[in-house]
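Student: Take this sequence and fold it.
(2 chains)
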Amino acid sequence: MDVTRTEVATRPSGARARRGNAARLGLLAVPVAFFALFFAWPVAAIVARGLRVDGVWRLGRIADVVTQSDIRHVLWFTTWQALASTALTLLVALPGAYVFARLDFPGRQVLRAVVTVPFVLPTVVVGTAFLALVGRGGLLDEVWGVRLDTTVWAILLAHVFFNYAVVVRTVGGLWAQLDPRQEEAARMLGASPLRAWRRVTLPALAPAVAAAALMVFLFTFTSFGVVQILGGPTFSTLEVEIYRQTSEIFDLSTAAVLTIVQFVAVGAILAVHAWTVRRRESALRLVDASVTARRPRGAGQWALLAGVLATVAVLLLLPLAVLVQRSLDAPDFRYYRALTGDAGDTFLVPPIDAIGNSLQYALAATAIAVVIGALAAAALARRDAGRLVRGFDALLMLPLGVSAVTVGFGFLIALDKPPLDLRQSWILVPLAQALVGVPFVVRTMLPVLRAVDARLREAAAVLGASPWRVWREVDLPLVRRALLVAAGFAFAVSLGEFGATVFIARPDNPTLPVAVARLLGRPGDLNYGQAMALSTILMVVCAVALLVLERLRTDRTGEF
Amino acid sequence: MNTKKYCAVVVGLGMLTLSACGSSGGASASDSKTVTLVSHDSWAVSKSVLADFEKQSGYKVHVLKDGDAGQAVNKAVLTKDNPQGDVFFGVDNTLLSRALDNGLFQSYEAKGSDRIKPQYRVDQDKHRVTPIDSGDICVNYDKAYFSKHRLTPPQSFDDLVKPEYKNLLVTENAATSSPGLGFLLGSAARYGDDGWQGYWKKLKANGVKVVDGWEQAYNEEFSGSAGGKKAKGDRPLVVSYASSPPAEVVYADPRPKTAPTGVSYGTCFRQIEYAGLLSNARNSKGGKAFIDFLVTKEFQEDMPLNMFVYPVIEGATVPKEFTEYGPAAKDPETMAPAKIAASRDQWVKSWTSLVLK
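Tutor: Numbering: from 1, shown residues only, chains lettered A, B, ... in the order given. Okay, here's the model as predicted:
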C-alpha cells in the first residue's frame, strides 16, 4: 500500500517531481555545508594529524592498536554496558512514557520538565549527586548497607538516570498524539487490552521506540563522565580511552585509530537503525495531545502511575535533592551569595555571570540547530527521497558518536586560518553545541514528519500548491509541536553540554557547567559549596526553560 | 520560480551563518598593544597586580585559559605553528620535555631571572623556559580521624604500607591525573627504577584506593576536606598538595583557627611550573615583558593565595596562611625532566597494569 501511494506522489508530473528533487537537494545544501565545515573537516584534520607522518598514511597503526588486549577489553566493555544500559532504560522508562503521555494527573507538566533536568546536567555534577545515592553513606548504604559505587550497576543506574527523559520525551511525544480511538476500535472488535495494544499501539510506536533506543545506546556507548566518575579507573569506555590518549597521554595516533573504530561502530549501528526504521514506519493518525490524556481509571492505571512516580522520586529526584541540600548546607545562603562576588580570581567574572553566558550560548545553539535540523528533516522526510539523501539521515547522527575531545581538538587545528579563524570566537561554542543538538532536532521531527499522511501533501500538490507551500500549510502545522519539542531538547542539551564546551569556552565567558567544573577543581568549603549552588541554579534554569516550553506548546496546540 | 524561492531561503540562511561567524571571527590578539597569555584553568592573579603591569608596560593582557594543565600543553603543541598567544604559562616538570621536544618555545632569558633560586633552574644553555612557581604533591591527612583513633599520621612513603594504615589512602589515576602522576614519580624517585613496582604491590595489598581525578579523591573520598565531609568520605589519607590545608582555611567561612588537615611531609614530590615565549608569537616584545613580570616580587608574592603555589625567587615573602598551615616541603622527592621524559610513559603503563588491572 505504501508503495502505490509513493508512486502516486512522485507521479503528478515528471517536471514537478524533478523540481521537488532539486528543491530537496537545495534544502540539504545548508546542513551538508554545516557538517562538512564544522564536523567532518575538523575531525578529519585531527585524525590525519595522528595517522599521517611526514605525508605518509600509517594505516598499519590500526591493526597494531585494535589487537592490543587492553583495547579489546575496552571495546568489549563499551559494547555490553551500552546494551545493558539501553535495555534497562527502556524497561524503566517506557511505563513512564505511557504515564506522562496518556494519564492526566496534577503536576504532570512540572514533573515532565523535571525528569528532563538530569539529561542536561553536566556529568561531573551528576556523578557527584549519584554517588550520594548509591555510594558510601548514600540511601542504599544506610537502609540496606548496599554500596554500588565501584560496581557496574552504578554506571547502569546513572545511565538510566540520564536517559530516562530521552525515552519519555521521544516515545511519549508520539504516544500522546496517537489516536486512542484506534485502540478502542480494536477493543470494540473483541481484542483483549494486551492484544489491542500489541497489534495497534505498539507497531505505531515502534519507530519512536527505536529512535529512543538508538539515542540511549549512542549516549551510553559514548559515555564519558559517568563512567569516569562512577566506574573509577577500572572501567573504561572507548570515549574515555580516546580522551586519555588525546588529552592526557597525547598519543594522537592511538587516539586517531580509536576515533575511527568508534566512528565505524557508530556508523554501523546508525545504518542498521535507519534500515529498521524504514521497514516499520507507516502513516499514523495523529491527534492533538491534549485530548488523549485521561484521568487514571481502574486499579491497574493507578498502580502504574504510583509505580512510575515512585521510580521518578527515587531514581531522579533524590540525587537532584542531594545537590540542593548540599548547596544549602551553610547559613544564610552563603554559597549562593558568594557566587556574586569575586571567587578568588578563579574567574575573571563573578560565577553568577555564567548563567547569562549559558543562556546566550544555548539560544544561539538552539537557533542554529533548529534551522539546520529542520532543513535536514524536511528534506529527509519524503518517502521518495533517494538512497543518497536517506544515507545523510544516518550521517547527521555521527556527531553524537564522536568524542567531544576529538571535535574540540579538531576545531583547534582546522579552523585556525582566515577567513575561518574561529578559535577565539564566541560562535565556536554554540556551533559545537549545535552539532550535538541537530541530531535531536532531526530525530524528534522525522518520525512525526514521516507520519504525516502523504495524501494530504498529494492533494495539496494536485491542487497546485508549490512544494514550499505544501510544507508550510500541510507539514508545518502538524509538526509544530515536534519542532518545539526539538527546540527544547536542543536548548537543554546546549545548556548542559560540557565536553566540547570545556575545550572551547573562553575563561571570561564560562558556561554554567564549565564554571561548576572549575569550582569543583579547587579545594575548600566555599568552592565546593558554590559548585553545588551553581549546579542547583543550572538545574532550576533548565527546569524553568523546559517548563516554559511545555506551556508554549499547549498554547500553540490550540491553533490546530 | 519555486526552486528560486528555495534557493533564496537556502542562500539567505547560509549568509546568516557565515556572517555570524565572520563578524566575530578573530580576536584582537594580534595587535602590538595586547599580550596574550595562554595558560591552564588554574591561572589566577589579583586584579590590582595585573593592572599594575598593564599600567607600567602599556600592554593590555588577554588571558586564554585552555583546559587543565595537560590539555593546555597539548593544545599549545598542536597549534605551535599558529599559536593562540604570545606566552605560555603552566607547563610543569612532568610535561616539560613534551613542550621542549616539540619546539613550543623560543629562547628568552627573563630580566630578573638571576633572582630565581638555583634548584629550580633548567635549560640553562637555551633559556627556553623560566621557572615561575613550585608546589609539592603530598599525602594529606584528616587530623580529626587520627586524633580520634589515637594514631600517628603517616610521615613517609614507607609508613603508607604499614598495617595500621590499611584501607586509609585514596590516590588518583597516574594516567589521567597530575597529582596521581606526581605521587607515582615520587615513589619512583624514592625507590628507584627497580623498586617502585614492589612498593606499589605492597601499597595495593594495603588497600590503596585509586580514583580517576583529584576532584573525586579530594572532594568525595577524603574525610578531611570540606567537600569530603559532606560526601561522607571515609578515606583519611589523600594524595593532594602541601598547599591544600591553607586552602581549607582560606576558603572556609568563618575561618577555622587551625587547618582541619595536615601534610605527610615524607611523601612529597616537587612540581615546578614554567613559562616561556611561544615560537611564532605575534607580539614577542610584549611576551618578553610579561615573562619579566612573572618573576617580579610583586607577582611572586601575589601567587600563593591565588594559585596555591610557592614562589621561586629569593626574598619573596610567603603569606602567613602558608607558613602556618602548609609550608613547602623541606626535602621533597625530585626528578630531572629528562629522566621523567625517558620513563614516564613506560612507568604509567606498568603502573596501570600493576595497580588497576
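
Student: Right, and chain B sits closest to which residue of the stretch 151-300 of chain A?
Tutor: Per CB to the nearest CB, A:P233 is where the stretch 151-300 of chain A lies closest to chain B, at 4.2 Å. Bear in mind the C-beta positions are built from the backbone N, C-alpha and C, glycine included.

Student: Okay, strands next: where are they in the chain?
Tutor: In the absence of a named chain, this looks at chain A. A:52-53, A:56-57 (DSSP state E).

Student: Chain B is the one I meant
Tutor: B:34-39, B:60-65, B:87-92, B:105-106, B:130-142, B:169-172, B:209-211, B:237-241, B:261-278, B:310-311.

Student: List the buried residues of stretch A:66-83.
Tutor: Using 16 or more other CB atoms under 10 Å in any protein chain shown as the test for burial, stretch A:66-83 gives A:71, A:74-75, A:77-78, A:81-82.

Student: next one: stretch A:295-309
Tutor: By neighbour count on 16+ other CB under 10 Å, the buried set for stretch A:295-309 is A:296, A:301, A:304-305, A:308-309.

Student: Ramachandran coordinates for the closest residue to the residue of the stretch 151-300 of chain A closest to chain B other than its chain neighbours?
Tutor: Residue nearest to A:P233 in three dimensions, not counting chain neighbours: B:N173, with 4.2 Å by CB to CB, 6 or more residues apart in numbering or on different chains. With angles defined as degrees, to the nearest 10, B:N173 sits at phi -60, psi 120.

Student: Can you tell me the number of residues neighbouring B:N173?
Tutor: Neighbourhood size, B:N173 [other CB atoms under 10 Å in any protein chain shown]: 27.

Student: OK, contacts around it?
Tutor: Residues in contact with B:N173 (CB atoms under 8 Å, 6 or more residues apart in numbering or on different chains) are A:233, B:180, B:210-213, B:356.

Student: got the strands of chain A as a markdown table, with mean neighbour count, distance to B:I116 and mean pLDDT columns?
Tutor: Listed next are those as a markdown table, based on neighbours: other CB atoms under 10 Å in any protein chain shown; distance: least, CB to CB, whole Å; pLDDT from 0 to 100:
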| stretch | mean neighbour count | distance to B:I116 | mean pLDDT |
| --- | --- | --- | --- |
| strand A:52-53 | 12 | 38 | 82 |
| strand A:56-57 | 9 | 44 | 81 |
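
Student: Spatially central residue in the chain, please.
Tutor: The chain I'm using is chain A. A:F440 (5.5 Å; CA atoms, centre = their mean).

Student: oops, I was thinking of chain B
Tutor: B:A69 (5.6 Å).

Student: Any chance of the backbone angles for the residue of chain B found nearest chain A?
Tutor: Proximity of chain B to chain A (CB to the nearest CB) peaks at B:Y251, 2.6 Å away. Here is the backbone geometry of B:Y251 (degrees, to the nearest 10): phi -100, psi 20.

Student: ok, how many other residues are close to it?
Tutor: B:Y251 has 21 neighbouring residues, counting by other CB under 10 Å.

Student: Next, please give the residue ranges for the helices of the stretch 51-200 of chain B.
Tutor: Under the criterion DSSP state H, counting those that start in this stretch, the stretch 51-200 of chain B contains helices at B:69-78, B:96-101, B:143-148, B:157-160, B:178-205.

Student: is chain A contacted by the first one?
Tutor: Put plainly, it is helix B:69-78. Yes. Using CB under 8 Å from any CB of the partner chain, we find that helix B:69-78 touches chain A at B:70-71, B:74-75, B:77-78.

Student: and the angle for that helix with strand B:261-278?
Tutor: Counting by axes from the mean of the first three to the mean of the last three CA atoms, to 10 degrees, helix B:69-78 lies at 10 degrees to strand B:261-278.

Student: and helix B:69-78, what does it pack onto?
Tutor: Where contact means 3 or more CB pairs under 8 Å, 6 or more residues apart in numbering or on different chains; DSSP states H and E, helix B:69-78 is packed against helix A:404-414, strand B:34-39, strand B:87-92, helix B:96-101.

Student: any chance you could map the helices in the stretch 401-550 of chain A?
Tutor: Using DSSP H, counting those that start in this stretch, the helices of the stretch 401-550 of chain A run over A:404-414, A:428-451, A:454-462, A:467-470, A:476-496, A:499-504, A:512-520, A:525-557.

Student: Using JSON lines, lay out these together with distance to A:V56.
Tutor: Putting these into JSON lines (distance: least, CB to CB, whole Å) gives the following:
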{"stretch": "helix A:404-414", "distance to A:V56": "19"}
{"stretch": "helix A:428-451", "distance to A:V56": "31"}
{"stretch": "helix A:454-462", "distance to A:V56": "52"}
{"stretch": "helix A:467-470", "distance to A:V56": "49"}
{"stretch": "helix A:476-496", "distance to A:V56": "39"}
{"stretch": "helix A:499-504", "distance to A:V56": "29"}
{"stretch": "helix A:512-520", "distance to A:V56": "39"}
{"stretch": "helix A:525-557", "distance to A:V56": "47"}
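
Student: To A:L90, which of those helices lies closest?
Tutor: helix A:428-451 (15.9 Å; CB to CB).

Student: Which elements pack onto the closest one?
Tutor: helix A:14-35, helix A:152-175, helix A:202-221, helix A:353-380, helix A:387-397, helix A:404-414, helix A:476-496, helix A:499-504.

Student: Now find how far off-centre that helix is within its chain.
Tutor: 8 Å (CA atoms, centre = their mean, to the nearest Å).

Student: just stretch B:196-210 next, same as before
Tutor: 25 Å.

Student: contacts for stretch A:269-276?
Tutor: Taking CB under 8 Å, 6+ apart as the rule, stretch A:269-276 contacts A:210-211, A:214, A:217-218, A:221, A:390-391, A:393-395, A:397-398, A:401.

Student: Report the contact partners of A:D64.
Tutor: A:V257.

Student: need the contact list for A:R58.
Tutor: A:51-52, A:253.

Student: Which positions in stretch A:462-470 come out as buried?
Tutor: A:465-468, A:470.

Student: which one of these sits closest to B:N140?
Tutor: A:W468 (66.5 Å).
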